[in-house]
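K.L.:
Sharing a model prediction with you, sequence too.
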Amino acid sequence: MEVGFHEQCFDPIWVIDSTVSLARVILGVAKDGQGVLIDYDLAIYIKDDGPAPAERYRRAGTFAFLARQRFPALGGVGPLLPHQPWHDIESLAYVILYLIFSRPEGPNGPKAMIPTTKIIWSGWEDPGSFPAESKKALFRSHYSLQKTLQPYISYWTGVFDLLGIVMRFCGLDYPRFAS
């Protein structure tokens, strides 16, 4: 979905979404089953030439869905980076994880996180729990991610491959740090 948004909006007209979260994704609205993003009031127009406008430095969105680089550095030291297209794609990875974590038995099963992932997700929702560092730790090791996803693969087949595709386009596969 977010990749589709970027194909339709970022590439031709230089607009990025800036606040991808579960509440803004509608699945299966088209006859072909494709999903859409809604609520573009915080979308940002960007250009490569000149300095980034102030709205690209504004942090918006739910902490749990926020890209790692959009959090302030530990101790508040270091500049806030301007919002980039891959930040929206990273947020899509967290939307996928939330859907999986909250529906371990699929869309028709009960909506309840298992204790392990509830702890992970709760930490991502609390800025005092250093969510950016927690996200880095989960994605730094493929083993750690596979272990976290293990309880879900009986229904969510191919989820590790799906996340791998998303991860490649936003830097989760290879941790990046601000210089």
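P.N.:
The structure has been received and is ready for your questions.

K.L.:
Okay, now the unreliable bits of the chain?
P.N.:
1-52, 73-79, 173-179 (pLDDT under 70).

K.L.:
Look through it and tell me its longest helix.
P.N.:
helix 85-102 (DSSP state H).

K.L.:
got the CA coordinates for that helix in CSV?
P.N.:
Extracted in CSV, the C-alpha atoms of helix 85-102 (Å, rounded to 0.1, in the frame of the first residue of the first chain):
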residue,chain,number,x,y,z
PRO,A,85,10.1,8.6,1.7
TRP,A,86,11.7,5.5,3.2
HIS,A,87,10.4,6.6,6.6
ASP,A,88,6.8,5.9,5.3
ILE,A,89,7.9,2.5,4.1
GLU,A,90,9.4,1.7,7.5
SER,A,91,6.1,2.7,9.1
LEU,A,92,4.4,0.2,6.8
ALA,A,93,6.5,-2.6,8.3
TYR,A,94,5.1,-1.6,11.7
VAL,A,95,1.5,-1.7,10.3
ILE,A,96,2.2,-5.2,9.1
LEU,A,97,3.6,-6.3,12.4
TYR,A,98,0.6,-4.8,14.3
LEU,A,99,-1.8,-6.7,12.1
ILE,A,100,0.1,-9.9,12.7
PHE,A,101,0.7,-9.3,16.5
SER,A,102,-2.9,-8.3,17.1
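
K.L.:
and the next element down the chain from that helix?
P.N.:
Later in the chain than helix 85-102, the nearest helix or strand by DSSP states H and E is helix 115-125.

K.L.:
who touches residue 120 in this structure?
P.N.:
Listed by Cβ atoms under 8 Å, 6 or more residues apart in numbering, the contact partners of residue 120 are 101, 134, 138, 148. Any C-beta I mention is one placed from the backbone N, CA and C, and that applies to glycine too.

K.L.:
relative to helix 115-125, how tilted is the longest helix of the chain?
P.N.:
Inter-element angle recorded for helix 85-102 and helix 115-125: 150 degrees (by axes from the mean of the first three to the mean of the last three Cα atoms, to 10 degrees).

K.L.:
Now do helix 85-102: which elements does it pack against?
P.N.:
Packed against helix 85-102 by the contact rule (3 or more Cβ pairs under 8 Å, 6 or more residues apart in numbering; DSSP states H and E) you find helix 2-5, strand 15-16, helix 115-125, helix 159-168.

K.L.:
Could you rerun that using 6 Å?
P.N.:
Using 3 or more Cβ pairs under 6 Å, 6 or more residues apart in numbering; DSSP states H and E as the contact test, the elements touching helix 85-102 are helix 2-5, helix 159-168.

K.L.:
most packed of the ones you listed?
P.N.:
helix 2-5 (a mean of 18; mean count of other Cβ atoms under 10 Å).
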